[in-house]
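> here are the coordinates; sequence isn't available:
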């Protein structure tokens, strides 16, 4: 792979004073980062969720207590802990407690079905799972406990600590209300190369893969973000976290970054309750928020949002899906704060490109951030000049180690010399801004969540009477895109749409379930017999426009 663009021509467009490189030695591990923040900001508010709050000092005490419990239960450095929680105070307490004892965090979406949960638990083999009392029935529905020793059920119960036995009983009820205990944690020495997270994603193929993010990866991305926005973060302020912390975007860009900066983080457990979100904005002087296009649209149309005071809002960050220019324009007209669009993926921890904070909305996804190289390549891996479209490749300290237990997938994900192949198609302009042309060509983005057609097709094809299926994106006013399922019935068979949808709901998270079902006598194919999803996408787009 030639280094045609090694000169990093995009640096000419950097804001004055922005460094081209970061010093990764400033933050060796996430453990060091959080413990330093706990000490520096001990008396400042760290987290608020509803009526509950924690200072940084209290967050230190609670996470230390939970870390000590983990070690007492037998957890060791390198063991996995699965966290399946919404945005509640217990999430960061569990996360920081686990990282402080050297465990590897595996974040799970609470909307997953038992089938999806079991698949990821079997792959990651966690020592302990932290989840809500209300979600324990999901674990009852799993066919195996995937080697779990404990399930910590966050609720209002007692504080028993019995391990899971053959009867699959789980009696651990742990909550902040129980109060901290004076316990110490003793962690083996952590190296920046040690794993911090196994963060699941479909990558470029759709089959779930655990992205291995080291402490160096995560800390580098924190430092890269600070270098980029430092003019806006001179002193601790308040941010609101609406996106789920189990997603890499909010995990890194809201929780970890702003814990390092000492900000007060307002956690919202259910961002779909937009009137409640408006109340949070009214109650706190929000200076930073991140979101996706559908969230911004929803807030703009929520009664009372337009009457709020946005004078303190400094940065509105957008990622996860394409931002509609019209929504960005309306947001600025209402709030006086431009939306800053960024791009990355789980494999880049996630930040790779970002626009200039405070500048008018730019339809590009921005410039490569400090210590990051971007290349646009052809099918042979050759770098292409500005203006030509190709695959976006990334190289930098935030790029993952690889996929968990998937050396084959890891090898396919990289060109030589450490270039990560993202599968996204884009181009440079002459100023070094990256323009995203097409996301992973068949991936459907539902309110910022990726849906992989192969996963939905595998479930739908198992329904009686179905001969063949294909899945494509359908334009959707509420979620940008939704799932369209095309079905060919077996000869002489009839398939009931409602029954097919029920079948899908049993194995798929709600956002993955088809919203539109189209019955066909045949599916479009290429000369070699491959189903042409592009033709199906174009078909539903035409229907939507008519």
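Thanks, I have it. Keep in mind it's a predicted model, so treat the numbers as computed, not measured. Numbering: from 1, shown residues only.
> where does the stretch 51-200 of the chain have low pLDDT?
143-146, 156-182 (pLDDT under 70).
> where do the helices sit along it?
In the stretch 51-200 of the chain, the helices defined using DSSP state H, counting those that start in this stretch lie at 56-72, 90-100, 114-124, 136-141.
> Highest mean neighbour count out of the ones you listed?
helix 90-100 (a mean of 26; mean count of other CB atoms under 10 Å). Using the backbone N, CA and C atoms, a C-beta is placed for each residue, glycine as well.
> Remind me what it packs against, helices and strands.
helix 30-40, helix 56-72, strand 80-84, strand 104-107 (3 or more CB pairs under 8 Å, 6 or more residues apart in numbering; DSSP states H and E).
> Any chance of CSV for those, columns distance to residue 310?
Listed next are these as CSV, based on distance: least, CB to CB, whole Å:
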stretch, distance to residue 310
helix 30-40, 27
helix 56-72, 27
strand 80-84, 33
strand 104-107, 31
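> closest one to residue 502 among those?
strand 80-84 (24.1 Å; CB to CB).
> what about residue 273, how many neighbours?
By other CB atoms under 10 Å, the residues close to residue 273 number 13.
> Who are the contact partners of it?
If a contact means CB atoms under 8 Å, 6 or more residues apart in numbering, then residue 273 has no contacts.
> per-residue pLDDT, it?
Reported pLDDT at residue 273 in the predicted model: 95.
> State the distance from it to residue 241.
Going from residue 273 to residue 241 by CB to CB, to the nearest Å gives 15 Å.
> Also residue 198?
Per CB to CB, residue 198 is found 22 Å from residue 241.
> okay, now the domains of this protein?
1-13+191-382+390-441, 30-188, 444-545 (automatic domain parsing).
> okay, how far is it across the second one, tip to tip?
The straight-line separation of the ends of domain 30-188 (CA to CA, to the nearest Å) is 14 Å.
> returning to that earlier point: so which of the helices and strands packed on helix 90-100 is nearest residue 493?
It's strand 80-84; of the helices and strands packed on helix 90-100, that one is closest to residue 493 (CB to CB) at 38.2 Å.
> So what touches the closest one?
70, 75, 91, 94-95, 98, 103-110, 112, 117, 120-121, 124-132, 135, 198, 246.
> That strand: partners in the sheet, and parallel or antiparallel?
strand 104-107 (parallel), strand 128-132 (parallel) (DSSP bridges).
> and the angle for it with helix 56-72?
With axes from the mean of the first three to the mean of the last three CA atoms, to 10 degrees as the basis, strand 80-84 and helix 56-72 are set at 130 degrees to each other.
> Show me what counts as buried in strand 80-84.
Neighbour counts using 16 or more other CB atoms under 10 Å place 80-84 of strand 80-84 among the buried residues.
> one step back: tabulate the strands paired with strand 80-84 in TSV, adding columns for distance to residue 62.
Output for the strands paired with strand 80-84, formatted as TSV (distance: least, CB to CB, whole Å):
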stretch	distance to residue 62
strand 104-107	16
strand 128-132	13
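> Figure out which of these is closest to residue 231.
The minimum distance between residue 231 and the strands paired with strand 80-84 falls on strand 104-107, with 30.9 Å, by CB to CB.
> how long is stretch 412-424 from one end to the other?
Start and end residues of stretch 412-424 are separated by 15 Å (CA to CA).
> ok, and the helix or strand in this protein with the lowest average confidence?
Within the chain, no helix or strand scores below strand 172-173, which has a mean of 38 by mean pLDDT, DSSP states H and E.
> residues in contact with the closest residue to residue 400 other than its chain neighbours?
Distance criterion CB to CB, 6 or more residues apart in numbering; nearest residue to residue 400, sequence neighbours excluded, is residue 347 at 4.6 Å. Neighbour list for residue 347: 201, 203, 211, 394, 399-400, 413, 420, 422 [criterion: CB under 8 Å, 6+ apart].
> can you do 6 Å?
By CB atoms under 6 Å, 6 or more residues apart in numbering, the contact set of residue 347 is 211, 400, 420.
> Could you turn the buried ones of these into a ChimeraX selection?
To isolate the buried subset of the contacts of residue 347 in ChimeraX, counting by 16+ other CB under 10 Å, use the following:
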select :211,400,420
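> From the contacts of residue 347, which land in strands?
211, 420 (DSSP state E).
> Distance to residue 509 and pLDDT for the contacts of residue 347 - can I get that in a markdown table?
Shown next, in a markdown table, are those (distance: CB to CB, whole Å; pLDDT from 0 to 100):
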| residue | distance to residue 509 | pLDDT |
| --- | --- | --- |
| 211 | 19 | 98 |
| 400 | 24 | 98 |
| 420 | 27 | 98 |
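> Turn the domains of the chain into a markdown table, columns for distance to residue 21.
Below are the domains of the chain laid out as a markdown table (distance: least, CB to CB, whole Å):
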| stretch | distance to residue 21 |
| --- | --- |
| domain 1-13+191-382+390-441 | 5 |
| domain 30-188 | 19 |
| domain 444-545 | 31 |
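> just checking, residue 114 touches residue 142?
Yes. Residue 114 is in contact with residue 142 according to CB atoms under 6 Å; the separation is 5.0 Å.
> which regions of this structure lie under the pLDDT threshold?
Short version for the chain, where the test is pLDDT under 70: 1-6, 143-146, 156-182, 202-207, 438-441, 526-530, 543-546.
> ok, the contacts of residue 347 vs residue 477, which is closest?
residue 211 (31.8 Å).
> gap between the closest one and residue 124?
Taking CB to CB, one finds residue 211 at 11 Å from residue 124.
> can you tell me which residues contact residue 520?
Each residue near residue 520 by CB under 6 Å, 6+ apart is listed here: 486, 488.
> Show me the strands in the stretch 101-250 of the chain, by range?
104-107, 128-132, 150-154, 172-173, 195-201, 209-214, 238-241 (DSSP state E, counting those that start in this stretch).
> Residues touching the first one, excluding its own?
Taking CB under 6 Å, 6+ apart as the criterion, the residues outside strand 104-107 that touch it are 80-83, 95, 98, 124, 126, 195, 197-198, 246.
> how about a cut-off of 8 Å?
Applying CB under 8 Å, 6+ apart, the external contacts of strand 104-107 come out as 78-84, 95, 98-99, 120, 124, 126, 195-200, 210, 245-247, 251.
> what ranges do the strands span in the stretch 301-450 of the chain?
Here the stretch 301-450 of the chain has its strands, by DSSP E, counting those that start in this stretch, at 315-318, 339-344, 351-354, 367-368, 373-377, 390-395, 402-403, 414-415, 419-428, 434-438, 444-446, 449-451.
> For residue 154, which of these is the nearest?
With CB to CB, the closest approach to residue 154 among these belongs to strand 449-451: 23.2 Å.
> so how far is the closest one off the chain centroid?
Relative to its chain's centre, strand 449-451 lies at 10 Å (CA atoms, centre = their mean, to the nearest Å).
> any idea which helix or strand comes after that strand?
helix 453-460 (DSSP states H and E).
> Now find how far off-centre that following helix is within its chain.
22 Å.
> what residues does the helix or strand following that helix touch?
Downstream of helix 453-460, the first helix or strand assigned by DSSP H and E is strand 466-476. Contacting residues not belonging to strand 466-476 are listed as 442, 444-446, 451, 453, 456-457, 460-461, 481-491, 493, 495, 500, 514-516, 523, 531, 533, 536-537, 540-541, 544 [CB under 8 Å, 6+ apart].
> hmm, try it at 7 Å
Strand 466-476 is contacted by residues 444, 453, 456-457, 460-461, 481-490, 495, 515-516, 523, 531, 533, 536-537, 540-541, 544 when judged by CB atoms under 7 Å, 6 or more residues apart in numbering.
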